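>>> Structure for this input, please:
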Amino acid sequence: MQALRWHGVKDLRVDTVEAPTAHKGQVKIRIEACGICGSDLHEYVAGPIFIPEGAPHPLTKEQAPIVMGHEFSGQIVEVGEGVSRLQVGDRVVVEPVFSCGQCPNCKQGKYNLCEKMGFLGLAGGGGGFSEYVAVDEHMVHRIPDSLSYEQGALVEPSAVALYAVRSSQFKVGDRAVVFGTGPIGLLVIEALKASGASQIYAVELSEERRSKAEELGAIGLNPAKLNVVEEIHRLTGGGADVSFEVTGVPVVLNQAIQSAKTSGQIMIVSIFEREASLHPNQIVFQEKNITGVIGYRNVFPAVISLMQQGYFPAEKLVTKRIALADVVEEGFEQLLKEKNQIKILVSPQPK
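Coordinates of the predicted model:
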């Protein structure tokens, strides 16, 4: 079968690899749609970050080159021995978190903080940029017939957003600001809407992405034309209840901190490629708190339920659909060049 593999920085190749089989406790999935994630872009331009290189991952026992892709949906075509909850024909999405089950965090149920944690499609185990993948039964969630495969491919990134909001001190009626309205930032806006935000401010340089945030119900702010920190304080009468940093840009982190109210919270949702400096006094003097989140846990069913109610709409967020053969030039490179692109979905199946 054909699969996109990471060989190194700016070195992604569509290779011919052996198709997987469903071993004991696994199901084999025919992949219908897979989204290109910001994490995938980080690996492309600045990796390896999550990808194991030089030594195998402790759980998958794999290292580069590995198959990429972790935002995907598909249909089960084969069921391995011992699988009882799923069957051939089920429409599904995969929660792509590998965890050991034995470390202190896993024993507390915090499997996304596993000491050996990895993501399918980044740490090995196959990936969504391929025709088929075989995964353990416990990682698989059914999706209803009312949701398209395109919508299903948005479950994973939407889970990141919903988990970030759930993990914050945000309460119904609060005011929030989202710095960065790429795919995850836009999904955070959706999660805030579903959680009862009274006002959502979206800080974004790109006119296209800012307009998309406004289309989803946020109040757009252009940091090139105004002092967004002062404007947020003016609009809110003292600062946002919760500020979400979704850019991974050091200077923006400081803006997010300054935009939160006294005793407010800053949620870091993005992955940073380099260190960010900040002055601790801007935290101490106003008793603000900063929290980071990675991935998600125990939110896929809630995301699927919210999608059935119309949240996280694929028709507003998917801007391009491409074939696997075109994934590098028409996918990764286009996302780096074109800020009007939001979510690009890849169809791995041959025409």
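>>> what sits against Gly238?
Lys261, Thr262 (C-beta atoms under 8 Å, 6 or more residues apart in numbering). Every C-beta, even on glycine, is put in place using the N, C-alpha and C of the backbone.
>>> Then Glu287?
For Glu287, the contacting residues are Thr262, Ser263, by C-beta under 8 Å, 6+ apart.
>>> Distance of it relative to Gln255?
The spacing between Glu287 and Gln255, counted by C-beta to C-beta, to the nearest Å, is 19 Å.
>>> the domain parsing of this protein - what is it?
As assigned by automatic domain parsing, the chain contains the domains 2-153+313-347, 160-292.
>>> Looking at those, which is nearest to Val303?
For Val303, the closest of the domains of the chain is domain 160-292, at 5.6 Å, according to C-beta to C-beta.
>>> Quote the end-to-end distance of that closest one.
One end of domain 160-292 sits 12 Å from the other (C-alpha to C-alpha, to the nearest Å).
>>> I'd like the average pLDDT over it.
For domain 160-292, the mean pLDDT works out to 96.
>>> On the three-state scheme, the residue positioned nearest the centre of the chain is what?
Centroid check for the chain by C-alpha atoms, centre = their mean gives Pro157 as the closest residue, at 3.3 Å. Here Pro157 is helix, with the state taken from DSSP: H, G, I helix; E, B strand; the rest coil.
>>> now do the one 4 residues further on
Of the three states, Ala161 takes helix under three-state DSSP.
>>> what's near enough to touch the nearest residue to Asn289 once chain neighbours are set aside?
Ranked by C-beta to C-beta, 6 or more residues apart in numbering and with sequence neighbours excluded, the top spatial neighbour of Asn289 is Gln265, at 5.3 Å. By C-beta under 8 Å, 6+ apart, Gln265 lies in contact with Ser168, Gln169, Phe170, Asp241, Val242, Ser243, Lys288, Asn289, Ile290, Thr291.
>>> partner residues bridging Gln265?
Judged by DSSP bridges, the bridge partners of Gln265 are Val242, Asn289.
>>> phi, psi of the nearest residue to Gly217 once chain neighbours are set aside?
In space, and not counting its chain neighbours, Gly217 is closest to Lys193: 5.9 Å by C-beta to C-beta, 6+ apart. Lys193 adopts backbone torsions of phi -60, psi -50, taken as degrees, to the nearest 10.
>>> Now for Lys193: which residues touch it?
Ile200, Leu216, Gly217, Tyr311.
>>> go on, Val203?
Val177, Val178, Phe179, Gly180, Thr181, Leu221, Pro223, Val228, Val252, Gln255.
>>> CSV for these, including secondary structure and neighbour count?
Output for the contacts of Val203, formatted as CSV (DSSP: H, G, I helix; E, B strand; the rest coil; neighbours: other C-beta atoms under 10 Å):
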residue, secondary structure, neighbour count
Val177, strand, 32
Val178, strand, 32
Phe179, strand, 27
Gly180, coil, 27
Thr181, coil, 30
Leu221, strand, 21
Pro223, coil, 17
Val228, helix, 22
Val252, helix, 20
Gln255, helix, 20
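>>> Which members of the residues you listed are the farthest-apart pair?
Thr181 and Gln255 (14.2 Å).
>>> Against Asp174, how distant is the residue nearest to Gly217?
Taking C-beta to C-beta, one finds Lys193 at 12 Å from Asp174.
>>> do Arg166 as well
In this view, Arg166 and Asp174 are 13 Å apart by C-beta to C-beta.
>>> between these two, who's got more neighbours?
Asp174 (21 against 16; other C-beta atoms under 10 Å).
>>> so where do the helices sit in this protein?
Listed in chain order, the helices of the chain (DSSP state H) span residues 38-46, 104-107, 149-152, 155-166, 183-194, 207-215, 228-236, 250-259, 281-284, 300-308, 314-317, 333-337.
>>> between these, which gets nearest to Glu32?
Closest among the helices of the chain, once you apply C-beta to C-beta, is helix 149-152, at 3.9 Å.
>>> what's that closest one packed up against?
For helix 149-152, the packing partners by 3 or more C-beta pairs under 8 Å, 6 or more residues apart in numbering; DSSP states H and E come out as strand 26-35, strand 71-79, strand 91-94.
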